[in-house]
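*Asks:* Sharing a model prediction with you, sequence too.
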Protein chains: 2
Amino acid sequence: MEKVKISSGKLRGIRMLADKEGKFRMLATDQRGSLRRMLGGVMGKDSGEIGFKDLATFKKSVIKILSPYSSATLTDPIYGYPYAAKYLPRNVGLLLATEQTGAELGGKSGKERKSRLQPGWDISKTKRAGANAVKLLIYYRGDASPEVVQYQKDTILKIGEGCEEYDLPYVLEIVSYPFKEDEDKDNPTFAKRKPEIVMDYTRQFSKPEYKVNILKIEFPANLKYCKEFSNGEFDGKKREPTYNLSEVKEYCKELANISSVPWVILSAGVDIKEFLVNVKLATENGASGFLGGRAIWQDAAKYYPDVEKMEEWLSTSGGIISTNFMRHLRMLLLILTIRVLKVLLI
Amino acid sequence: MEKVKISSGKLRGIRMLADKEGKFRMLATDQRGSLRRMLGGVMGKDSGEIGFKDLATFKKSVIKILSPYSSATLTDPIYGYPYAAKYLPRNVGLLLATEQTGAELGGKSGKERKSRLQPGWDISKTKRAGANAVKLLIYYRGDASPEVVQYQKDTILKIGEGCEEYDLPYVLEIVSYPFKEDEDKDNPTFAKRKPEIVMDYTRQFSKPEYKVNILKIEFPANLKYCKEFSNGEFDGKKREPTYNLSEVKEYCKELANISSVPWVILSAGVDIKEFLVNVKLATENGASGFLGGRAIWQDAAKYYPDVEKMEEWLSTSGGIISTNFMRHLRMLLLILTIRVLKVLLI
């Protein structure tokens, strides 16, 4: 890998994101749309009825209880940061999301996605607010309509320029999505294409012209379609495998070769069992850590709006992973959610 | 004390300056003129012959060895930061000095001082560079010529505005100086005036209009003229006392009443023994910590340019305080310089 030149401001910011060993153990709490749907489901309401107070209250509890265990915490500037700022410990880095939730649909298929930036929260304001890094989420398929691809690239470039101007580290999150006729979120065709999709965007956006400092990317395979886990390991549903574990490890290694910037794994709302395997495989094969959210705290939402129970779950018995699974993977017998951030990279 | 409103950016910055208990144990390495004279003395050269490399090398060693023991470290952006940035641990706050070294002389006496700002290092750039706070040093006497007083006030206001604009915490350092005919750095008249001088500027610059977040001020008395230490306790020279210890404690308490912002004690190059007493008295009577430099590391300069010996002194046997002194104050028998930052506030 070539030597990288970096400004002192960016260097200091990046070091605030990693722990003392230089590993990224980052907690995401920037969900908006998905959290609205989650809380709506729990409360038997339409997600449109879930208001500011619900999001802010939930995020505050997660940040208060879990952020001390993270090397850095990502949140959004509207619902997350204002009420949770004082709970973020001094030695935990802060990332602020700069995109709006969701995406504008477009392209030939009508299913392709264009990202929108959060009005009023440009890089200058994000830096002023005390963030150690900016996070931009981009939904991306390199094989989408050229107009959509270009729009997403331009957005990525724009934030890259801003981060350069204000010496703020740039964490680019990329999430692929199914949009072709033969694709679906949970089908073998899309699962089979996943490794190449992830490698394609990693190759693209680790180019120096985008000025990205850390890539937050998907695990380069869908483990539910991996032979060793396809018997319903994670959700009880059996699937036709499209690759095996040693191929998956190779995808991780190829990613490490392709990327010229550090990369971390996102959780995309898979359950904690699957996320632990994702992180283990990725970090053993070149990833620098993880930036995960829902996988870690989503089960706490069940207790909302009972904040006390929710916080109790987050701080004690939450996230006990079934002993069945444990036996299988020969990991610890019991892992508490609160310890997940600590143990994941050990 | 009234409730203080503060932006999230400033709040996050201030928390980076203090340790987990909220105490400021800060190390200063922003000396330029005084360090040139110090190294010049050691090397038998004129201070003008002491170049960039000497200052940068010395500062790098001090920051490398001592900053991990501080809650935050202050340095200058020219000689200190570029070469020492990578040695500053992630959990240690960074303050950058925004003034040029020295001062322009003026006023009726021709001895009064006007501060000059560092060209090219405005607040915007300081924030970009990754600093958690700005430090401005102002030489000040409220009874100087009105034109000089106004000039200094305007400079203080200007930096306050900049810090507000970029949400960067503002640490204002104020140092008095003798300029009247009957005053001298080390005479009873100036020593006797010291408490009122310090209270006067604290009263002035903790006013909200100056937008100062932390005051870095002098100990409100010269302990060498305090009855209990005036027998030559610190430097072997006997002096006529002008106050006693209980009066000095009262000055500290008055300061705490006067200041509406947290205040920390500077070392002004007194030796480590005197500084320890300063910090003990001040923090027991209202100060929030210290920001000290020369008192802590000046004896390391004796070994310059032997970097290895210098670093050995800084990391091991340096700063052993005479057992005589220890018996007197019933403090620890031996204190290593490297532990000073740890023990001062315990």
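*Replies:* Looks like it arrived, so ask away.
*Asks:* Run through the residues of the stretch 101-250 of chain A sitting next to chain B.
*Replies:* For the stretch 101-250 of chain A, the contact set with chain B under C-beta under 8 Å from any C-beta of the partner chain comprises A:127-130, A:166-167. For glycine as for every other residue, the C-beta is placed from the backbone atoms N, C-alpha and C.
*Asks:* Now rank the residues you listed by neighbours and give me the top one.
*Replies:* residue A:127 (28 neighbours; other C-beta atoms under 10 Å in any protein chain shown).
*Asks:* Which one of the residues in the stretch 101-250 of chain A is closest to chain B?
*Replies:* Nearest to chain B, among the residues of the stretch 101-250 of chain A, is residue A:130, at 3.3 Å (C-beta to the nearest C-beta).
*Asks:* Please list all residues in contact with the residue lying closest to that residue once chain neighbours are set aside.
*Replies:* In this structure, residue A:130 finds its nearest non-sequential neighbour in residue B:12, 3.3 Å apart by C-beta to C-beta, 6 or more residues apart in numbering or on different chains. Neighbour list for residue B:12: A:85, A:88, A:90, A:94, A:129-130, B:132 [criterion: C-beta atoms under 8 Å, 6 or more residues apart in numbering or on different chains].
*Asks:* Please apply the same query to residue A:211.
*Replies:* Counting by C-beta under 8 Å, 6+ apart, residue A:211 makes contact with A:160-161, A:163-164, A:170.
*Asks:* Could I get the full set of helices for the stretch 1-150 of chain A?
*Replies:* Using DSSP state H, counting those that start in this stretch, the helices assigned to the stretch 1-150 of chain A run over residues A:8-17, A:33-43, A:52-66, A:81-84, A:123-128, A:146-165.
*Asks:* Dump those to JSON lines, plus mean pLDDT.
*Replies:* Output for the helices of the stretch 1-150 of chain A, formatted as JSON lines (pLDDT from 0 to 100):
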{"stretch": "helix A:8-17", "mean pLDDT": "94"}
{"stretch": "helix A:33-43", "mean pLDDT": "96"}
{"stretch": "helix A:52-66", "mean pLDDT": "95"}
{"stretch": "helix A:81-84", "mean pLDDT": "91"}
{"stretch": "helix A:123-128", "mean pLDDT": "96"}
{"stretch": "helix A:146-165", "mean pLDDT": "98"}
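*Asks:* Could you say which of these is packed most deeply?
*Replies:* Greatest average neighbour count among the helices of the stretch 1-150 of chain A goes to helix A:8-17 (a mean of 24), per mean count of other C-beta atoms under 10 Å in any protein chain shown.
*Asks:* Export it to PDB, keeping only CA atoms.
*Replies:* Only the C-alpha atoms of helix A:8-17 are listed here, as PDB (Å, rounded to 0.1, in the frame of the first residue of the first chain):
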ATOM      1  CA  SER A   8      -3.100  16.700  11.300                       C
ATOM      2  CA  GLY A   9      -6.800  17.500  11.700                       C
ATOM      3  CA  LYS A  10      -7.900  14.400   9.900                       C
ATOM      4  CA  LEU A  11      -5.300  12.300  11.700                       C
ATOM      5  CA  ARG A  12      -6.500  13.400  15.100                       C
ATOM      6  CA  GLY A  13     -10.100  12.700  14.100                       C
ATOM      7  CA  ILE A  14      -9.400   9.200  12.800                       C
ATOM      8  CA  ARG A  15      -7.500   8.400  16.000                       C
ATOM      9  CA  MET A  16     -10.600   9.400  18.000                       C
ATOM     10  CA  LEU A  17     -12.600   6.800  16.100                       C
END
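*Asks:* ok, back up a step: closest to residue B:220 among the contacts of residue B:12?
*Replies:* residue B:132 (27.1 Å; C-beta to C-beta).
*Asks:* Was I right to think that closest one contacts residue B:169?
*Replies:* Yes. Using C-beta atoms under 8 Å, residue B:132 is in contact with residue B:169, at 6.8 Å.
*Asks:* so what sits against both of the two?
*Replies:* Common contacts of residue B:132 and residue B:169 (C-beta under 8 Å, 6+ apart): B:13-14, B:17.
*Asks:* Can you narrow the residues you listed down to the ones near chain A?
*Replies:* residue B:13.
*Asks:* Can you lay out the shared contacts of residue B:132 and residue B:169 as a markdown table showing distance to residue A:67?
*Replies:* Below are those laid out as a markdown table (distance: C-beta to C-beta, whole Å):
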| residue | distance to residue A:67 |
| --- | --- |
| B:13 | 18 |
| B:14 | 18 |
| B:17 | 20 |
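*Asks:* From the shared contacts of residue B:132 and residue B:169, pick the one nearest chain A.
*Replies:* Distances from chain A to the shared contacts of residue B:132 and residue B:169, taken by C-beta to the nearest C-beta, are shortest for residue B:13, at 6.5 Å.
*Asks:* you'd agree the closest one is up against residue B:168?
*Replies:* Yes. Using C-beta under 8 Å, residue B:13 makes contact with residue B:168 at a distance of 6.1 Å.
*Asks:* residue contacts, residue A:247?
*Replies:* Neighbouring residues of residue A:247 by C-beta under 8 Å, 6+ apart: residue A:221.
*Asks:* In what element of secondary structure is residue A:257 found?
*Replies:* According to DSSP states H and E, residue A:257 maps onto helix A:245-258.
*Asks:* and if you look at residue A:198?
*Replies:* helix A:188-205.
*Asks:* What is the neighbour count of the closest residue to residue A:190 other than its chain neighbours?
*Replies:* Closest residue to residue A:190 apart from its sequence neighbours, by C-beta to C-beta, 6+ apart: residue A:183 at 4.3 Å. Counted by other C-beta under 10 Å, the residues lying close to residue A:183 total 18.
*Asks:* quick one: residue A:183 is in a helix?
*Replies:* No. Residue A:183 is assigned coil when assessed by DSSP: H, G, I helix; E, B strand; the rest coil, not a helix.
*Asks:* Need the pLDDT of it.
*Replies:* Note on residue A:183: pLDDT of 97.
*Asks:* ditto for residue A:316
*Replies:* We note a pLDDT of 68 for residue A:316 in this prediction.
*Asks:* repeat for the one 5 residues further on
*Replies:* Each residue has a pLDDT score; the one for residue A:321 is 37.
*Asks:* wait, the residue of the stretch 101-250 of chain A closest to chain B sits on residue B:169?
*Replies:* No. Look at residue A:130 against residue B:169 with C-beta under 8 Å: they stay out of range, at 10.0 Å.
*Asks:* shared neighbours, the two?
*Replies:* B:10, B:13.
*Asks:* Spell out for me which residue occupies the centre of chain A.
*Replies:* Closest residue to the average C-alpha location of chain A: residue A:266 at 3.2 Å, with C-alpha atoms, centre = their mean.
*Asks:* For it, list the residues it contacts.
*Replies:* Residues near residue A:266 by C-beta under 8 Å, 6+ apart: A:28, A:173, A:175, A:216-218, A:290-292.
*Asks:* switch the cut-off to 7 Å
*Replies:* By C-beta atoms under 7 Å, 6 or more residues apart in numbering or on different chains, residue A:266 lies in contact with A:173, A:216-218, A:291-292.
*Asks:* looking at the residues you listed, which has the most residues close by?
*Replies:* Neighbour max across the contacts of residue A:266 (other C-beta under 10 Å) = residue A:292, 30 neighbours.
*Asks:* Could you double-check that it sits in contact with residue A:28?
*Replies:* Yes. Assessed by C-beta atoms under 7 Å, residue A:292 is found in contact with residue A:28 at 6.0 Å.
*Asks:* picking up where we left off before, list the buried residues in the helix holding residue A:198.
*Replies:* When burial is assessed from 16 or more other C-beta atoms under 10 Å in any protein chain shown, helix A:188-205 yields the following buried residues: A:188, A:190-191, A:193-195, A:197-205.
*Asks:* low pLDDT regions in the stretch 201-346 of chain A?
*Replies:* Residues of the stretch 201-346 of chain A that meet the criterion pLDDT under 70 lie in A:316-346.
*Asks:* Can you report phi and psi for residue A:262?
*Replies:* For residue A:262, the backbone dihedrals (degrees, to the nearest 10) come out as phi -60, psi 150.
*Asks:* Which residues are in contact with the nearest residue to it once chain neighbours are set aside?
*Replies:* Spatial nearest neighbour of residue A:262, excluding adjacent residues (C-beta to C-beta, 6+ apart): residue A:288 at 4.1 Å. Shown in contact with residue A:288 (C-beta under 7 Å, 6+ apart): A:23-24, A:262-264.
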